[in-house]
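Q: Fold the following, please.
(one chain, ligands or ions: 2)
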Amino acid sequence: MGPAIEVTGLVHVYPDGTHALAGADLRVVAGESVAIVGQNGSGKTTLVRHLNGLLRPTEGVVRVDGRDIAGERVARLAAVVGLAFQDPDRQIFAGRVSAEVAFGPRNLGVRGGGLDDAVADALAAVGLADAADANPYDLGWARRKLLAIASVLAMRTPIVILDEPTTGQDLRGARRVQDIVRGLAAEGRTVVTISHDLRFVAETFGRVVVMREGRIVMDGEPADVFAEGAWPVLASTYLEPPLAARVGAHVGLGSTPTESTLLAALAVRG
Ligand SMILES: Nc1ncnc2c1ncn2[C@@H]1O[C@H](COP(=O)(O)OP(=O)(O)OP(=O)(O)O)[C@@H](O)[C@H]1O
Ligand SMILES: [Mg+2]
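A: Ligands and ions are numbered 1, 2, ... in the order given. Modelled structure (predicted):
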């Protein structure tokens, strides 16, 4: 498979002079599920907002499906890359949940029964089927966050980007997000998800990219990124490895980033 996303030497300086990205390189193969982690302000959101053209590089190149997207319009990229915003209230604008979710696919030319199906499937995936007629601002923040995700799912883009999807979610909401990511991966779609929840990351993604100060400082499988030898790098970007990884290291079981690997390793030893 060719790279779905290829970011090379990406530098972004905001108009106020903030250097948010300082030469980031990232290659994501089509069908991969990748988590991006890193301290507040490390440039995660800035990086992903380049992938659908909402931000343009100060320096460097962003390729999607092998094409340099520098000259491509956001509207055209929307058919390929869906991005659910970190702050749902910067994304949501419609007065009705169903209208909000229908907006994206309608812009892509989907009509009639196909549009109804896209909306119903997306709302069901996030558990908002019963809220189709509600005003988004009558939902709580956590459900607006799920609505923002549904709006992206409804577009059925080959590349899906979720910026902190589990923030504010209870266990049920977090499980829904996990099921959504796994479902997209099973369909062979490319998923990039920013998260601060390292347990969710370890249990959901095959690859973890660690950012610090506008650069990628580590990139690998959870078993490597959360292994004891990597903890100093995690600490340098204010991340604490998942509890399973810490317990596994404490009892001398090597890298056990998820509870299931920890339990399996304990069973083998016992
Ligand atoms: N619109 C903006 N104008 C100026 N500076 C910005 C803007 N957006 C972000 N920044 C700054 O750019 C840097 C990177 O921000 P970014 O939002 O990409 O980080 P992040 O890793 O997503 O952080 P968080 O975990 O808090 O969401 C930070 O210093 C931030 O304050
Ligand atoms: Mg962010």
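
Q: Checking L10 next. Helix, strand or coil?
A: strand (DSSP: H, G, I helix; E, B strand; the rest coil).

Q: and the residue nearest to R143 when sequence neighbours are not counted, what does it touch?
A: Once flanking residues are discounted, R143 sits nearest to L128: 6.5 Å by Cβ to Cβ, 6 or more residues apart in numbering. The C-beta positions use only the backbone N, C-alpha and C, and glycine is treated the same way. Applying Cβ atoms under 8 Å, 6 or more residues apart in numbering to L128 gives the contacts 97, 139, 143, 146-147, 150.

Q: Filter those residues down to the buried ones, PyMOL style.
A: Here is the PyMOL selection string for the buried members of the contacts of L128, based on 16 or more other Cβ atoms under 10 Å:
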select buried, resi 97+139+143+146+147+150
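
Q: Redo the contacts of L128 as CSV? Include distance to ligand 1.
A: Converted to CSV, these look like this (distance: Cβ to the nearest ligand atom, whole Å):
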residue, distance to ligand 1
V97, 25
L139, 22
R143, 20
L146, 18
L147, 20
A150, 21
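
Q: In helices only, show me the contacts of L128.
A: 97, 143, 146-147, 150 (DSSP state H).

Q: In this protein, which residue sits closest to ligand 2?
A: With Cβ to the ion, the shortest gap between the chain and ligand 2 falls at T45, namely 3.1 Å.

Q: how about the most centrally placed residue in the chain, phi and psi?
A: For the chain, the residue nearest the mean C-alpha position is T193 (1.5 Å; Cα atoms, centre = their mean). Torsion angles at T193 (phi, psi; degrees, to the nearest 10) stand at phi -130, psi 130.

Q: bridging residues for it?
A: Taking DSSP bridges as the rule, T193 bridges to A35, L162.

Q: Let me see the confidence value for it.
A: Looking at T193, its pLDDT reads 98.

Q: List the contacts of it.
A: 33-36, 161-163, 165, 181, 201, 204-205.

Q: JSON lines for the residues you listed, including neighbour count?
A: Compiled in JSON lines, the contacts of T193 are given as follows (neighbours: other Cβ atoms under 10 Å):
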{"residue": "S33", "neighbour count": "20"}
{"residue": "V34", "neighbour count": "22"}
{"residue": "A35", "neighbour count": "25"}
{"residue": "I36", "neighbour count": "27"}
{"residue": "I161", "neighbour count": "25"}
{"residue": "L162", "neighbour count": "27"}
{"residue": "D163", "neighbour count": "23"}
{"residue": "P165", "neighbour count": "28"}
{"residue": "V181", "neighbour count": "23"}
{"residue": "V201", "neighbour count": "26"}
{"residue": "T204", "neighbour count": "24"}
{"residue": "F205", "neighbour count": "26"}
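
Q: and of the contacts of L128, the nearest to A227?
A: A227 has its nearest neighbour among the contacts of L128 in L146, at 33.1 Å by Cβ to Cβ.

Q: Counting neighbours, what do you get for the residue nearest to the closest one when sequence neighbours are not counted?
A: With Cβ to Cβ, 6+ apart as the criterion, L146 has its nearest non-adjacent residue at 4.0 Å, and that residue is V126. Here the number of neighbours of V126 (other Cβ atoms under 10 Å) works out to 24.
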